[in-house]
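>>> just coords:
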């Protein structure tokens, strides 16, 4: 079947594609340099994803729904981690890093589409707009998730003259573990089983190391592997960094779910409490959860102590993750 080359420019989110250069000028100021890095990373992955969705499916509706699910105003933390890790080990923002960044974002987007379904969390709002099953329908939302997941592995497996096939295979293996029953899916299952029950801190950390942390870990490792010169010692340090920020990310999410508001979050505030889920706040309180997040961020930064200044974006990201407002 020949898939027509359709335009999906009717979607408002695609206006982002026209922004091909960073919107913040180069500066020696670390905060401005980091902001520029965030914008450039977001634009790179947005462009690649938009190009993919132009011919993503023979069904115009499905292609539009896949774009709707992925090209919104998300923070793109996982792609940013890919790019930051690539730079930290001496790599570049190249094709391999772009494909890895897009792949982890596709897996993340697919998981959100399925999590929002009535059979799962039954949410009506995501990133400040109606969830996919509300904007389209439930059947389309299921197909969107399936399509996004398959597209992620399609991107990672494409031939790349700058990548060795063994490294590509390792990246695919890491992402499949992170997305499956040994990672994100398994964590989601534990999350459902924990509803209405008490949990110990160790049980909560195990669940979130899978549900949230596994894909963050994959993002960091894929970024490291996108550079051929990365050493096993560097990968081990990146993994330790990722494990800490993966938990820190979830702790901050739990804090925001209770202390922020729906408009700022772009999704229903208080949903964890409404679902009677155990969280870091229920175990540690707000102050204790904030202390926990800061300690995890500090441990992540410490894991990078032998990395040069090229890892500064990762260091700043650790602090950013525990201070973000949504």
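Perfect, I can see it now. Only a predicted model underlies this, so the values are computations on that prediction, with no experimental measurement involved. Residues are numbered from 1 along each chain as shown.
>>> skipping adjacent residues, who's closest to residue 322 in space?
Spatial nearest neighbour of residue 322, excluding adjacent residues (Cβ to Cβ, 6 or more residues apart in numbering): residue 293 at 4.2 Å. For glycine as for every other residue, the C-beta is placed from the backbone atoms N, C-alpha and C.
>>> now the strand or helix carrying that neighbour: average pLDDT?
In the assignment (DSSP states H and E), residue 293 maps to helix 280-302. Computed over helix 280-302, the mean pLDDT rounds to 93.
>>> now that helix: buried residues?
By neighbour count on 16 or more other Cβ atoms under 10 Å, the buried set for helix 280-302 is 280-284, 289-290, 292-294, 296-297, 299-301.
>>> with stretch 306-324 instead?
For stretch 306-324, by 16+ other Cβ under 10 Å, it's 307, 311-322.
>>> tell me where the chain has strands.
Using DSSP state E, the strands of the chain run over 125-126, 129-130.
>>> weakest of those strands in terms of mean pLDDT?
strand 125-126 (a mean of 88).
>>> so what are the sheet partners of that one and their directions?
Partners of strand 125-126 in the sheet, by DSSP bridges, are strand 129-130 (antiparallel).
>>> related to what we said a few turns ago, which pair of the buried residues of helix 280-302 spans the longest distance?
Comparing all pairs in those by Cβ to Cβ, the longest separation belongs to 282 and 301, at 27.5 Å.
>>> returning to what we had before: pull the distance from the helix holding residue 293 to the chain's centre.
Here helix 280-302 shows a centroid-to-chain-centroid distance of 20 Å under the convention Cα atoms, centre = their mean, to the nearest Å.
>>> ditto for stretch 197-205
On Cα atoms, centre = their mean, the centre of stretch 197-205 falls 24 Å from the chain's centre.
>>> over to stretch 38-49?
That offset, for stretch 38-49, works out to 13 Å (Cα atoms, centre = their mean).
>>> need the contact list for residue 52.
102, 151, 155 (Cβ atoms under 8 Å, 6 or more residues apart in numbering).
>>> who wins on neighbours among the residues you listed?
Within those, residue 102 tops the neighbour count with 25 neighbours, counted by other Cβ atoms under 10 Å.
>>> and for the residue nearest to it when sequence neighbours are not counted, the neighbour number?
Spatial nearest neighbour of residue 102, excluding adjacent residues (Cβ to Cβ, 6+ apart): residue 48 at 4.7 Å. For residue 48, the neighbour count with other Cβ under 10 Å is 19.
>>> who's in contact with residue 48?
Here residue 48 is in contact with 98, 99, 101, 102 (Cβ under 8 Å, 6+ apart).
>>> just the mean pLDDT for stretch 173-191, thanks.
Across stretch 173-191, the average pLDDT comes to 95.
>>> look up how far residue 320 lies from the spatially closest residue to residue 258 that is not a sequence neighbour.
With Cβ to Cβ, 6+ apart as the criterion, residue 258 has its nearest non-adjacent residue at 5.4 Å, and that residue is residue 281. Computed as Cβ to Cβ, to the nearest Å, the residue 281 to residue 320 distance reads 21 Å.
>>> repeat that for residue 51.
Computed with Cβ to Cβ, the distance linking residue 51 and residue 320 is 28 Å.
>>> picking up where we left off before, what's the helix holding residue 293 packed up against?
Packing partners of helix 280-302 (3 or more Cβ pairs under 8 Å, 6 or more residues apart in numbering; DSSP states H and E): helix 201-211, helix 232-259, helix 312-321.
>>> tabulate those helices (CSV), appending distance to residue 107 and mean pLDDT.
Formatted as CSV, the helices and strands packed on helix 280-302 follow (distance: least, Cβ to Cβ, whole Å; pLDDT from 0 to 100):
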stretch, distance to residue 107, mean pLDDT
helix 201-211, 13, 92
helix 232-259, 14, 93
helix 312-321, 19, 94
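>>> and those: which comes nearest residue 138?
Residue 138 lies closest, by Cβ to Cβ, to one member of the helices and strands packed on helix 280-302: helix 201-211, at 22.5 Å.
>>> for the residue nearest to residue 322, what are its contacts?
Residues in contact with residue 293 (Cβ under 8 Å, 6+ apart) are 248, 251, 252, 255, 322.
>>> thanks a lot, see you next time.
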